[in-house]
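J.: Have a look; sequence and predicted model below, questions after that.
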Amino acid sequence: MCGITGIIKQKKFELLELKHITGALTHRGPDDAGYDIFNSNTHSYFCGLGQRRLSIVDLSQAGHQPMCNEDKRYWITFNGEIYNRLELKQDLLNKKHIFKSNTDTEVIIHGIEEYGVSFINKLNGMFAFALWDNLKGELLLARDRFGQKPLYYSYFNDVLIFASEVKAIVTYPEFSKQLDLNSLSDYLQFEYLPQSKSIYKNVNKLLPGHYLIFNQNGISINKYWDVNFDESSIYNKLSDNELCEILLEKFKKAVNYRLMSDVPLGVFLSGGVDSSAIVATLFEMMPSKNIKTFSIGFEEESFDESSYAQKVANIFNTDHHHQKLTSKSMLDILPEVIDKIDEPFADASIIPTYLLSKFTRNYVTVALGGDGGDELFAGYDPFLANYWAEKFKLLPKSVTNKIVNPLVNLMPVSEKNMSLDFKAKNFLKYVYESPVFRNQLWLGSFSAKEQKQLLNFSLDYKPLNLLKVPDNLSKNSSLLWHYQKYYLPEDILTKVDRASMMVSLEARTPFLDVEFAEFANSLSFGLKFKNITRKYIFKKAFENKLPKSILYRNKKGFGIPLTKWIKNDLKKEIEHYLSYDYIKKQDLFLYDSVSDIFKEHLNGSKDNRKQVWTLYMFQKWYEKEF
């Protein structure tokens, strides 16, 4: 796991420029640093590649980057892990390639040399890399299928810059920071920056499953992989028991792949289905004393899942480590987390994710987690809510408006995690929208309509238009598509990458193994959501390995007590950032609307925790950057 950077110009530049932007990523790789600039008389470009290394496999200097092939034509800087590297390496050895290390980095160099860009399709892993062809004067950037590893780029004044995080690009002296107002609108709707967007003008993300080529003809971007829901698969003709056997076999292979490491390794254990399944699988592969598990708990009971994590740890007799978090401990590190986030990001669970990563890093360098399971197998609450929404829409709107809405509005506002009043009011607010739009409106903070009352400028722009659902998808598959194309890469994986990399911890998820994920996506929706049971086939597969109290308990999520914080601990600070003087000086929002949102939350008339937190996180980021 590493941080990568690069600069390409048509004029010579100093190594100091490359070192400067790479230094912004030191947290991603504290073990080693590498920089080099390449040029050839066959082209006019100067290419600088930089790297900060977190050593995981082959800890020797043979793994130093940038790395080259035998004749020094190809140079690479690489971030991630290739789990099928041994199979790929053997194929390349058979073709007479010579290796000088045991790294997966070198496998990519020789693979591209042998097969060209199509070699990316052979990679099973999480990755972002840059490969420079010094003979042709051509750069290849590539990113893994689900976007586990980040990659940003900017092209201006005939200069191409790329990096693992935005902060490296914006530190470049010639880059001019400008807020993208359309991206601000996206953030207010999604609570993150979706698709290829960044918060800055002229900075883009390379999309998951894509590669970019830069040469004298400019930039071209191509897709090499996409999520595919092919329900005509032969798997859907098998019995449930047969499917369970195949699922367990493929999952075990995915977990085994992710044990590749020359440093200590553990598991994030929440006590939920996904992380518990990882531990149950590991139990069949190694002595329980070698399974290190890590969990955190909360003082507030409605947010705490630690008893379930402890139960799983006891069942498998793991080497379990637990830390209890207080509101104070989370609030104390909030400035630190905000300072390290280089774009506005409103998923508050990044705070406990950071603390879990920090706690885990005291013992191991690599941690397996259950991210991706809910997106593959329809595990989130909104899958159930969408099921009921389609039935609820059969009611006449007059009944909803005259009876249901007034009754639900009588429910008192609660500070508990995912309280009934919060879910009921949010459900009714968007129940008549189309499934994917409805799902995003439930997940986000400010709709386009609400933004018109909030923003101090006009935009002929609607963030939801980004959700271009493929025509061939059913309503149910479109929800899986939405989660896998938007929420998973831009929220969940972004959160885990940033939180873990802040403490130089590598996080791996077996669920996003390409073979396992494609298998899951080939299963019919009815095998994932059956008789209102979410993750049906996955849970059934583990019925002989995990107790029903773990498999079939209600999902909580990684929540924190925002409602309480906003009303108490953070009240004064938020008042400052949402004050008349601050809003007036900033000139982005309408004060009256902002004030109403905050006051409604404080007096308990509405639960505006998401809206207030989304605004607060933007204001903190804006103050830091502008």
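T.: Alright, I've got the coordinates.
J.: In what element of secondary structure is the residue nearest to the spatial centre of the chain found?
T.: The centroid of the chain falls nearest to Leu493 when counting by C-alpha atoms, centre = their mean (1.4 Å). Element membership of Leu493, judged by DSSP states H and E, is helix 493-501.
J.: packing partners for the helix or strand following that helix?
T.: Counting by DSSP H and E, the next helix or strand C-terminal to helix 493-501 is strand 506-508. Where contact means 3 or more C-beta pairs under 8 Å, 6 or more residues apart in numbering; DSSP states H and E, strand 506-508 is packed against strand 366-368, helix 493-501. From N, CA and C alone the C-beta is placed, and that goes for glycine too.
J.: mind redoing it with 6 Å?
T.: Applying 3 or more C-beta pairs under 6 Å, 6 or more residues apart in numbering; DSSP states H and E, we find strand 506-508 packed against strand 366-368.
J.: re the thing from before, average pLDDT across the helix holding Leu493?
T.: Average pLDDT, helix 493-501: 94.
J.: Kindly report the same for stretch 442-458.
T.: Here the average pLDDT along stretch 442-458 is 95.
J.: buried set for it?
T.: Trp442, Leu443, Gly444, Ser445, Phe446, Ser447, Ala448, Glu450, Gln451, Leu454, Leu455 (16 or more other C-beta atoms under 10 Å).
J.: Next secondary structure after the helix or strand containing the first one?
T.: It refers to Trp442. Element membership for Trp442 (DSSP H and E) is helix 435-443. With elements assigned by DSSP H and E, the helix or strand that comes after helix 435-443 is helix 448-454.
J.: gap between that following helix and the chain center?
T.: With C-alpha atoms, centre = their mean, to the nearest Å as the basis, helix 448-454 stands 27 Å off its chain's centre.
J.: and if you look at stretch 345-365?
T.: A distance of 13 Å separates the centroid of the chain from that of stretch 345-365, by C-alpha atoms, centre = their mean.
J.: shaky segments in this protein?
T.: For the chain, residues meeting the criterion pLDDT under 70 lie at 1, 55-60, 302, 410, 413-419, 556-557.
J.: Report the angle between the strand or helix carrying Leu479 and helix 435-443.
T.: Following DSSP H and E, one finds Leu479 within helix 475-482. Relative orientation of helix 475-482 versus helix 435-443 (axes from the mean of the first three to the mean of the last three C-alpha atoms, to 10 degrees): 50 degrees.
J.: Packing partners of helix 475-482?
T.: Using 3+ C-beta pairs under 6 Å, 6+ apart: helix 475-482 touches helix 435-443.
J.: what's the spacing between the nearest residue to Pro208 once chain neighbours are set aside and Asp186?
T.: Leaving aside its chain neighbours, Pro208 sits nearest to Gly147 (3.4 Å; criterion: C-beta to C-beta, 6 or more residues apart in numbering). According to C-beta to C-beta, to the nearest Å, Gly147 and Asp186 sit 16 Å apart.
J.: do Tyr211 as well
T.: From Tyr211 to Asp186 the distance is 24 Å (C-beta to C-beta).
J.: Of the two, which one has the most company?
T.: A count of neighbours by other C-beta atoms under 10 Å puts Asp186 above the other of Tyr211 and Asp186, at 24 against 20.
J.: sec struct for that one, please.
T.: Three-state assignment for Asp186 (DSSP: H, G, I helix; E, B strand; the rest coil): helix.
J.: How about it, nearest residue that isn't a chain neighbour?
T.: Counting by C-beta to C-beta, 6+ apart, the residue nearest Asp186 is Pro463, at 4.8 Å.
J.: same question, Ser549
T.: Lys311 (7.5 Å).
J.: secondary structure class for that neighbour?
T.: Under three-state DSSP, Lys311 comes out as helix.
J.: swap in Thr42?
T.: Once three-state DSSP is applied, Thr42 turns out coil.
J.: orientation of the helix or strand that contains Leu334 relative to helix 493-501 in degrees?
T.: Using DSSP H and E, the element containing Leu334 is helix 327-340. Inter-element angle recorded for helix 327-340 and helix 493-501: 100 degrees (by the same axes, to 10 degrees).
J.: Next, the residues that contact helix 327-340 from outside, please.
T.: Helix 327-340 is contacted from outside by Ile351, Tyr354, Met502, Asp569, Lys620, using C-beta atoms under 6 Å, 6 or more residues apart in numbering.
J.: With stretch 113-123 instead?
T.: Stretch 113-123 has contacts (C-beta under 6 Å, 6+ apart) with Asn69, Tyr74, Ile82, Lys95, Gly111, Ile112, Ala142, Tyr224.
J.: Restricting the selection to alpha carbons, write it to CSV.
T.: Taking Å, rounded to 0.1, in the frame of the first residue of the first chain, the C-alpha atoms of stretch 113-123 are listed here in CSV:
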residue,chain,number,x,y,z
GLU,A,113,5.5,-5.5,-21.5
GLU,A,114,4.2,-8.9,-22.6
TYR,A,115,0.5,-8.3,-23.2
GLY,A,116,0.1,-4.6,-23.4
VAL,A,117,-2.8,-2.8,-21.7
SER,A,118,-5.0,-5.9,-21.9
PHE,A,119,-3.0,-7.3,-19.0
ILE,A,120,-5.0,-5.1,-16.7
ASN,A,121,-7.9,-7.5,-17.2
LYS,A,122,-5.8,-10.3,-15.7
LEU,A,123,-5.2,-8.4,-12.4
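J.: Looking at the buried residues of stretch 442-458, which one is closest to Ala541?
T.: Leu443 (27.9 Å; C-beta to C-beta).
J.: Can you give me the distance of that closest one to Val436?
T.: In terms of C-beta to C-beta, Leu443 sits 11 Å off from Val436.
J.: Please name every helix or strand in contact with the helix or strand that comes right after the helix holding Leu334.
T.: Later in the chain than helix 327-340, the nearest helix or strand by DSSP H and E is helix 350-361. Other helices and strands packing on helix 350-361, by 3+ C-beta pairs under 6 Å, 6+ apart, are helix 327-340, helix 493-501.
J.: Pick the most deeply packed of those helices.
T.: Stretch with highest mean neighbour count among those: helix 493-501 (a mean of 24; mean count of other C-beta atoms under 10 Å).
J.: now the helices: where do they sit in the stretch 501-626 of the chain?
T.: With helices called from DSSP state H, counting those that start in this stretch, the stretch 501-626 of the chain shows them at 514-521, 536-541, 548-551, 562-567, 571-577, 580-586, 591-602, 609-625.
J.: before we move on, the earlier item: so who does the residue nearest to the centre of the chain touch?
T.: So Leu493 contacts Gly147, Gln148 (C-beta under 6 Å, 6+ apart).
J.: Lys122 versus that one, what's the distance?
T.: In terms of C-beta to C-beta, Leu493 sits 22 Å off from Lys122.
J.: What of Thr326?
T.: 48 Å.
J.: repeat for Lys72
T.: Per C-beta to C-beta, Lys72 is found 24 Å from Lys122.
J.: ok so, going back, would you check the distance separating the helix holding Trp442 from the middle of the chain?
T.: So, by C-alpha atoms, centre = their mean, the centroid of helix 435-443 is 19 Å from its chain's centroid.
J.: residues making contact with that helix?
T.: Pro382, Asn386, Asn426, Tyr430, Ser447, Leu464, Leu467, Val469, Lys475, Ser478, Leu479, His482.
J.: and the second one, what does it touch?
T.: With contact taken as C-beta under 6 Å, 6+ apart, Asn386 is in contact with Pro435.
J.: before we move on, what about the third one?
T.: Taking C-beta under 6 Å, 6+ apart as the definition of contact, the neighbours of Asn426 are Trp442.
J.: Only the C-alpha atoms, please, for the helix holding Leu334, written as PDB.
T.: These are the backbone C-alpha positions of helix 327-340, laid out as PDB (Å, rounded to 0.1, in the frame of the first residue of the first chain):
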ATOM      1  CA  SER A 327     -18.000  10.900  22.700                       C
ATOM      2  CA  LYS A 328     -15.000  12.800  24.100                       C
ATOM      3  CA  SER A 329     -12.500  10.500  22.400                       C
ATOM      4  CA  MET A 330     -14.200  10.900  19.100                       C
ATOM      5  CA  LEU A 331     -14.600  14.600  19.400                       C
ATOM      6  CA  ASP A 332     -11.000  15.000  20.400                       C
ATOM      7  CA  ILE A 333      -9.700  13.600  17.200                       C
ATOM      8  CA  LEU A 334     -12.300  15.300  14.900                       C
ATOM      9  CA  PRO A 335     -10.000  18.200  14.100                       C
ATOM     10  CA  GLU A 336      -7.200  15.700  13.200                       C
ATOM     11  CA  VAL A 337      -9.500  13.800  10.800                       C
ATOM     12  CA  ILE A 338     -10.900  16.900   9.200                       C
ATOM     13  CA  ASP A 339      -7.400  18.200   8.700                       C
ATOM     14  CA  LYS A 340      -6.400  15.100   6.800                       C
END
